[in-house]
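Chemist: Sequence first, then the predicted structure:
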Amino acid sequence: MNVKRQAEAKLPTKFGVFNILAFAETETDKAPHLALVHEEMNPEETVTVRIHSECLTGDLFGSAKCDCGDQLAKSLKIVSEDKGAIIYLRQEGRGIGLINKIKAYQLQDHGRNTIDANLELGFEADQRHYVEAIEILKDLDIKSINLLTNNPEKLHAMEASDIEVKERRPLWTGSQKFNEEYLQVKKELMGHLF
């Protein structure tokens, strides 16, 4: 896939002022990937970066089934302080889409874990990829990053690119009764680095 910068504007937020950039193959794409870049980000330095996959239920509605919304909020705070960037990839539900994610939620309500639910629906445990994130970082002239992640797959994707990862910074937001099993699956079965 080849994404290009399609639009850009200032976005003042409660975390600070960012530039918001939309990346897609065409300007008519209704779900572009996004970059939130702190207005003082310097691509000549090592940039603090969060690559965040869309999670409508967590990011927007505050779902307690996952830690996604909490991770995004914490990342926005850190990235604002460090004058960094967030790459927001439109790959909902580990790449299976919102409708299938809700179907997976229903299976989880009946005792499946997140991996088993995806497999039962005919998908891989995690269908995400990070090619577009690398393309966006290159477009932003970012060559060296401190990566905010617990996910070893994001780390491997960056290390296989020509973006230098200076440091992996963990992103722990705590657990509560609704997401304890979800976080345990991420750690024990998906190798997430808590």
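Modeler: In hand now; what should we look at? Residues are numbered from 1 along each chain as shown.
Chemist: bridging residues for residue 165?
Modeler: Beta-bridge pairing for residue 165 (DSSP bridges): residue 145.
Chemist: who's in contact with it?
Modeler: By CB atoms under 8 Å, 6 or more residues apart in numbering, the contact set of residue 165 is 145, 146, 147, 155, 158, 159. Using the backbone N, CA and C atoms, a C-beta is placed for each residue, glycine as well.
Chemist: so which pair among these is furthest apart in space?
Modeler: Farthest pair in these (CB to CB) is 146 and 159. Separation: 13.6 Å.
Chemist: Could you check which of these two has the larger neighbour count?
Modeler: Comparing residue 146 with residue 159 by neighbour count (other CB atoms under 10 Å), the higher total belongs to residue 146, at 17 against 13.
Chemist: Tell me the confidence at that one?
Modeler: Per-residue confidence at residue 146 stands at 96 (pLDDT).
Chemist: quick one: it and residue 80, what's the gap?
Modeler: 14 Å (CB to CB, to the nearest Å).
Chemist: got the phi/psi numbers for residue 60?
Modeler: Torsion angles at residue 60 (phi, psi; degrees, to the nearest 10) stand at phi -100, psi -40.
Chemist: Which residue, neighbours along the chain excluded, lies closest to it?
Modeler: residue 69 (7.6 Å; CB to CB, 6 or more residues apart in numbering).
Chemist: Wait, that neighbour touches residue 54, no?
Modeler: No: with contact defined as CB atoms under 8 Å, residue 69 does not reach residue 54; the gap is 11.1 Å.
Chemist: Return the residues in contact with residue 15.
Modeler: Residue 15 is in contact with 76, 77, 79, 80, counting by CB under 8 Å, 6+ apart.
Chemist: the domain parsing of the chain - what is it?
Modeler: For the chain, automatic domain parsing gives the domain ranges 4-91+128-188, 98-125.
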